[in-house]
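S.K.: Have a look; sequence and predicted model below, questions after that.
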Amino acid sequence: MASIQQHQVCDSFFVETDEVRPRLDPREQAKIIARERQYAMADQLSALAREEYLEDSLSHMLDMDTATLPDVESIDIQTEIQWFMRPYLLDFLIEAHAAFQLQPSTLFLAINLLDRYCSKRVVYKRHYQLVGCSALLIAAKYGDKKEHVPTIRELKSMCCSLYDDDMFLQMEWHVLQTLGWTIGHPTVDSFLNIALVDRQYDPELEHLALYILEIALFHREFVSKPSADLAKAALALSRCILNRPQPSTSEWAASYDGNTLVGLSNQLHSPSQVLYRKYSSAHYSRISKLLDNFLAHQAAIASGAYAPPSPPEEAAGEPKSQYNGQIGLATPQKPGMQPHGYLTPPITPENEGFLNPHSAANANKQASITVCPSSPTPPPNVSFNDTQMYDAEPVYAQSAQYPVAHVGYSTAF
């Protein structure tokens with residue numbers, strides 16, 4: 001017996017198939033509906049809990065942000081490590097962070113641990129990379145997924161076997177001992193999440209803010225800046241660059257520091273090449289290329305090389321004829337003004353057929369007729385298709401030769 005073909009609904013059209021779609025079990029369908037209801041209830045409860053505890057959480061994060069800031073003046077007095085070495089180590093950590101596919105907060109926390117350790121301990125130049133790897137390992141264990149945490153063997157391979165396995169373990173313990181096991185530093189991305197929690201997801205805005213904040217990691221002036229101030233300033237700068245509306249004055253992210261914003265904007269012109277390549281991928285909305293185009297456009301405006309297009313100017317020469325021998329109507333012009341458009345025939349005055357013979361103004365009307373004769377109706381055999389000016393004298397005779405009844409407005413005019 002031949003199988004019966006069934007038609008199933010597709011997104012745009014019907015297709016034929018021999019496959020019989022099994023019906024869903026009522027129990028399975030009830031489980032799916034119950035799961036969807038649980039998700040909806042969880043979202044509602046999360047929104048209620050966020051509104052209730054947001055202020056307390058933000059207050060605690062601000063206190064922790066102040067308590068876990070590194071001291072940039074203590075880093076200045078380091079004997080071996082210098083500030084020009086910092087970009088090389090950060091490029092290495094950014095590449096390792098991307099290779100292990102860690103969370104953005106892991107990178108910011110690792111840099112904070114590195115700077116805090118350098119604020120309290122003397123670091124030798126040969127151990128600078130070891131401290132950075134240990135900080136990245138601690139940050140990954142603290143807040144990232146377990147399957148993404150790098151192993152000591154992988155870190156040793158990335159360092160070209162410069163350090164032994166025991167050295168990673170000893171440095172990890174020494175960093176934790178120096179910091180008093182206080183790891184919970186609120187990173188800049190956590191403050192970004194608070195500022196954008198009730199807004200529609202905008203990937204370009206979030207990626208540009210993260211890009212600006214990672215650029216700030218390379219510069220000394222932002223090492224001791226609170227994460228909250230950096231997050232608000234970077235978010236405001238990103239909105240200006242992308243032409244996004246600024247938040248209302250009642251929101252927390254609206255009160256940013258203008259000096260911090262200006263300092264961030266001054267460092268956008270020379271980012272790290274490793275960081276530029278990272279944010280030029282589609283995963284980060286190619287935001288580094290977008291920012292590069294914006295800066296080039298602003299530089300062209302500042303130098304005067306960019307100007308809006310202007311309409312072309314007409315070359316000075318002989319004035320063009322306005323009429324070109326064409327016949328037609330135009331608006332009557334005032335005396336003393338240059339006419340525009342086509343020539344206008346004389347205005348047809350009221351002749352004796354429209355006058356009251358007993359009126360006192362009859363004499364004046366008759367005088368106007370003699371000065372400006374009326375335009376009679378041309379005979380039907382006259383052609384107006386010729387674009388050349390014609391001589392009206394042979395065609396039209398004096399107005400007295402035509403009876404008054406034939407005077408009127410012609411459709412030719």
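M.R.: Done, it's in.
S.K.: Measure how buried H185 is and give me the count.
M.R.: 24 (other CB atoms under 10 Å). The C-beta positions use only the backbone N, C-alpha and C, and glycine is treated the same way.
S.K.: meant to ask about T178
M.R.: Using other CB under 10 Å, the number of residues around T178 comes to 14.
S.K.: dump the residue contacts of it.
M.R.: T178 is in contact with Y117, K120, R121, counting by CB atoms under 8 Å, 6 or more residues apart in numbering.
S.K.: If we use 10 Å, what do you get?
M.R.: L113, R116, Y117, S119, K120, R121 (CB atoms under 10 Å, 6 or more residues apart in numbering).
S.K.: Let's see which of the residues you listed end up in helices.
M.R.: L113, R116, Y117, S119, K120 (DSSP state H).
S.K.: does the first one really touch L136, like I thought?
M.R.: Read that as L113. Yes - assessed by CB atoms under 10 Å, L113 is found in contact with L136 at 8.5 Å.
S.K.: ok, so what distance separates K278 from Y128?
M.R.: With the distance defined as CB to CB, to the nearest Å, K278 ends up 22 Å from Y128.
S.K.: How about E172?
M.R.: From E172 over to Y128 (counting by CB to CB), the distance is 15 Å.
S.K.: And L162, by the same measure?
M.R.: 11 Å.
S.K.: Show me which of the two is the more surrounded one.
M.R.: Y128 (19 against 11).
S.K.: Which of the three states applies to that one?
M.R.: helix (DSSP: H, G, I helix; E, B strand; the rest coil).
S.K.: got a pLDDT number for it?
M.R.: Looking at Y128, its pLDDT is 90.
S.K.: so what's the closest residue to it other than its chain neighbours up against?
M.R.: Nearest non-adjacent residue to Y128, counting by CB to CB, 6 or more residues apart in numbering: I81, 5.3 Å away. I81 makes contact with I75, L89, C118, V122, V123, Y124, K125, H127, Y128, V131, according to CB under 10 Å, 6+ apart.
S.K.: doesn't I81 fall inside a helix?
M.R.: No - assigned with three-state DSSP, I81 falls outside any helix and is coil.
S.K.: I'd like to know how far it sits from T182.
M.R.: In terms of CB to CB, I81 sits 23 Å off from T182.
S.K.: same question, A98
M.R.: Taking CB to CB as the measure, A98 falls 27 Å from T182.
S.K.: Which strands and helices lie in contact with the strand or helix carrying A135?
M.R.: Using DSSP states H and E, A135 sits in helix 128-143. If you count contacts as 3 or more CB pairs under 10 Å, 6 or more residues apart in numbering; DSSP states H and E, helix 128-143 packs onto helix 86-99, helix 104-120, helix 152-158, helix 165-178.
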